[in-house]
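Undergrad: Have a look; sequence and predicted model below, questions after that.
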Amino acid sequence: MSKASEIGFSQRVRLEWLQEVALQVNSGTNKTDLKNFLSVKLKDKVSISGEPERGNRQKIITILLRTWMQDGSNLNPLRQDGLELLRDAIRPSIVGIHWGMVCATYPFWASVAAQVGRLLALQGTVSALQVQRRMRELLGERETVSRATRRVLRSYLDWGVLSETTTKGTYQKAPIIPLDDPAAVAWLLEAVLRSKESSKSPFMDLVQNHALFPFQFTFISVEQFLRHSPRVQGFRHGMDGDLVFANHTK
């Protein structure tokens with residue numbers, strides 16, 4: 001089973017909820033207290049969409065906790081570095097760090113983003129139906145795929161990386177988010193690298209990955225990337241390329 005086929009991310013999740021969880025984790029809140037906090041916070045904020053409200057809320061809490069709570073996986077070092085970056089991050093970097101951690105934790109999110117970014121590059125706008133169709137082609141003709149894709153797209157709108165057009169169900173890229181902190185850029189690239197099936201990629205393919213469509217950053221060289229990313233290794237691949245891969249250490 002591919003990483004992206006394990007959907008996991010099946011709810012509409014707001015950026016401010018992830019930021020609140022990260023702040024709570026950074027302040028030392030334990031998992032039980034954080035779950036109780038989120039149950040109260042989200043009680044009146046989760047709409048009913050064909051399922052009991054409580055069920056939706058619990059799924060969102062699971063997504064939030066899995067993204068930023070240490071869980072014994074090989075994502076923990078990346079997660080810890082992301083939490084450290086968030087301590088002093090300003091708005092553009094905050095979006096990038098949460099985006100990266102969700103990509104690494106839920107590769108389905110990164111896969112939807114890659115489809116959106118590719119379509120935006122080709123035609124300037126993207127429709128929900130186009131993305132749903134492409135995700136079903138990748139993962140199978142399942143209603144769960146369409147439903148989860150739709151909710152991820154709604155999350156992109158909430159995060160401000162897509163905006164509505166005058167055509168219902170068709171979106172355009174929102175104002176680009178500049179990322180200027182080399183450490184945050186390198187961390188984001190590592191997060192996207194870890195969302196990939198093999199956790200390896202030609203470096204330039206990684207930098208130009210369509211899943212990074214909301215962001216613009218000053219060009220970072222492979223040497224800079226590796227210097228800021230101790231968990232990533234690289235080697236020369238062919239005459240003019242570099243292959244980078246993430247170590248799977250806990």
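TA: Great, that's in hand.
Undergrad: so where's the protein shaky on pLDDT?
TA: 1-5, 47-54, 238-240, 249-250 (pLDDT under 70).
Undergrad: Please, where are all the strands along it?
TA: For the chain, applying DSSP state E gives strands covering 125-127, 162-164, 170-173, 177-179, 200-202, 215-217, 232-236, 242-246.
Undergrad: List the residues that contact the nearest residue to Gly100 once chain neighbours are set aside.
TA: Excluding the flanking residues, the one nearest Gly100 by C-beta to C-beta, 6 or more residues apart in numbering is Ala191, at 3.2 Å. Every residue, glycine included, has its C-beta placed from N, CA and C. Shown in contact with Ala191 (C-beta atoms under 8 Å, 6 or more residues apart in numbering): 78, 82, 99-101, 103-104.
Undergrad: JSON lines please, covering those residues and showing distance to Val116.
TA: What follows is the contacts of Ala191, written out as JSON lines (distance: C-beta to C-beta, whole Å):
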{"residue": "Leu78", "distance to Val116": "23"}
{"residue": "Gly82", "distance to Val116": "22"}
{"residue": "Trp99", "distance to Val116": "12"}
{"residue": "Gly100", "distance to Val116": "16"}
{"residue": "Met101", "distance to Val116": "18"}
{"residue": "Cys103", "distance to Val116": "13"}
{"residue": "Ala104", "distance to Val116": "18"}
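Undergrad: Between all of those, which two are at the greatest distance?
TA: By the measure C-beta to C-beta, Leu78 and Trp99 form the most distant pair in the contacts of Ala191, at 13.2 Å.
Undergrad: Alright, calling it a day.
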